[in-house]
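Visitor: With the input below, show me the fold.
(chains A, B, C and D)
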2 protein chains.
Amino acid sequence: MSIPGTDELQLLHEQICQAIGDIKCIQILYALYEQPRQVTALADLLEISQPTVSRHLTVLRERALVIAERRGPAVIYHLADARVIAVLNMMRQLLRDIHERRATALS
Amino acid sequence: MSIPGTDELQLLHEQICQAIGDIKCIQILYALYEQPRQVTALADLLEISQPTVSRHLTVLRERALVIAERRGPAVIYHLADARVIAVLNMMRQLLRDIHERRATALS
DNA sequence: TAGATATATTCGTATAAGCGAATAAGTGGA
DNA sequence: TCCACTTATTCGCTTATACGAATATATCTA
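Guide: The predicted model follows:
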C-alpha cells in the first residue's frame, strides 16, 4: 500500500483516527465488541452520562463504525466492523513490545 | 486477545491513539516511513513550521514511536516500529471498505 | 391521547491542544 | 571563542472538543 495523499489522510483522520483518539470512544467500541448494547446499558457499564454516550454513538454512527438498530423504544448499537478492534489490539501489542524494548534497553 | 482493562486502555490511549489522532503526526509518521529525515526536512516537506514539527517529534519520541539520532548539529528521526504504519494502513483499508459498503447500500 | 421509557439534542461552560513568533540551547568549524 | 546552523522550548493566543443539566423527541402501552 502506497503513501496516502492529503485527501485520503484527511478522511482517515476525520473518520477513524479522531474517533479512536477519544478514550471514551475506545471504551464504547470494546463494550460493543463484547456484545450489542443499548445506550443506557453502555452508560451504566462505563459510568458515563447518557447524553455523553449518545453523542459519542452519534459520531461513531456517522463514521459508520457502529450500526444502530431500533428495537421498540430502545436503540441497540453494534459494531459495524470488527476490524476496528483488530486495529486497537494491534496497537496494544505494539505498546507491549515498546515497553518490553524499553525495559530491555535499560537493563 | 482479551478486553483491555482500564489501566491498559489509559496507556493505549495516551501513548498511541492520541498521537495517531493528530493529522500532522500521521503525516510525520508516513514521511519518516519513506525515509529517515531531520526536523527541517520534515518542516519543508510537510509545510509545517519548525517549532510545530519539533514539538510533535518530541511527543512521538516520548511515546517511543520514533527514534532520534544526532548527526552533527542535525537530529535524524526515524520510525521506531513500522507496525505503526501497518496499523494506519489497516485503517485506510477499513475506511475504503466502509465507503464501498455505503455506496452499495445506497444503490 | 396520556404516561412511561429510552434516546437525541441544545446550551453554556470548562478544559485541552495546537499554533507561530520569539528565544534559548546544542553542535561543529574557523 | 565566535559564528553559522539546527533543534528545542517558552509564551500568549486561538480553536476545538468534551462535558452535564435540562429539554426535546421518539416509541410503545393502555
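
Visitor: quick one, strands of chain A?
Guide: In chain A, the segments counted as strands under DSSP state E are A:37-38, A:66-71, A:74-79.

Visitor: Can you redo those as JSON lines, where the extra columns are distance to B:R102?
Guide: Quick note: C-beta positions are derived from backbone N, CA and C, even for glycine. Output for the strands of chain A, formatted as JSON lines (distance: least, C-beta to C-beta, whole Å):
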{"stretch": "strand A:37-38", "distance to B:R102": "24"}
{"stretch": "strand A:66-71", "distance to B:R102": "12"}
{"stretch": "strand A:74-79", "distance to B:R102": "16"}
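
Visitor: which one of the ones you listed has the most crowded surroundings?
Guide: strand A:37-38 (a mean of 19; mean count of other C-beta atoms under 10 Å in any protein chain shown).

Visitor: And it, how far out from the chain middle?
Guide: Remark: strand A:37-38 is offset 15 Å from the chain centroid, using C-alpha atoms, centre = their mean, to the nearest Å.

Visitor: Please convert the strands of chain A to CSV, extending it with mean pLDDT and distance to B:T6.
Guide: Converted to CSV, these look like this (pLDDT from 0 to 100; distance: least, C-beta to C-beta, whole Å):
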stretch, mean pLDDT, distance to B:T6
strand A:37-38, 98, 18
strand A:66-71, 96, 21
strand A:74-79, 98, 20
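
Visitor: Which one, of those strands, ends up nearest to B:T52?
Guide: strand A:66-71 (33.4 Å; C-beta to C-beta).

Visitor: Whether that closest one contacts DNA strand C - can you check?
Guide: Yes. Applying C-beta under 7 Å from any atom of the strand, one finds strand A:66-71 touching DNA strand C at A:A68.

Visitor: Relative to the whole chain's centre, how far out is that strand?
Guide: Taking the mean of its C-alpha atoms, strand A:66-71 sits 16 Å from the chain's own mean (C-alpha atoms, centre = their mean).

Visitor: interface residues of chain A facing DNA strand C?
Guide: Taking C-beta under 7 Å from any atom of the strand as the contact definition, chain A meets DNA strand C at A:38-40, A:50-51, A:54-55, A:57-58, A:68, A:73-76.

Visitor: what subset of those residues is also close to DNA strand D?
Guide: Within these, those near DNA strand D by C-beta under 7 Å from any atom of the strand are A:Q50, A:P51, A:R55, A:P73.

Visitor: quick one: contacts for A:I98?
Guide: Shown in contact with A:I98 (C-beta atoms under 8 Å, 6 or more residues apart in numbering or on different chains): B:Q15, B:A64, B:L65, B:A80, B:D81.

Visitor: Give me the angle between the longest helix anywhere in chain A and helix B:83-106.
Guide: For chain A, the longest helix by residue count, based on DSSP state H, is helix A:83-106. Per axes from the mean of the first three to the mean of the last three C-alpha atoms, to 10 degrees, the angle that helix A:83-106 makes with helix B:83-106 is 180 degrees.

Visitor: on that earlier part again, so which of the ones next to DNA strand D among the residues of chain A next to DNA strand C comes closest to chain B?
Guide: Set against chain B, the nearest of those by C-beta to the nearest C-beta is A:R55 (17.3 Å).

Visitor: roughly how far apart are the closest one and A:T6?
Guide: A:R55 sits 29 Å away from A:T6, going by C-beta to C-beta, to the nearest Å.
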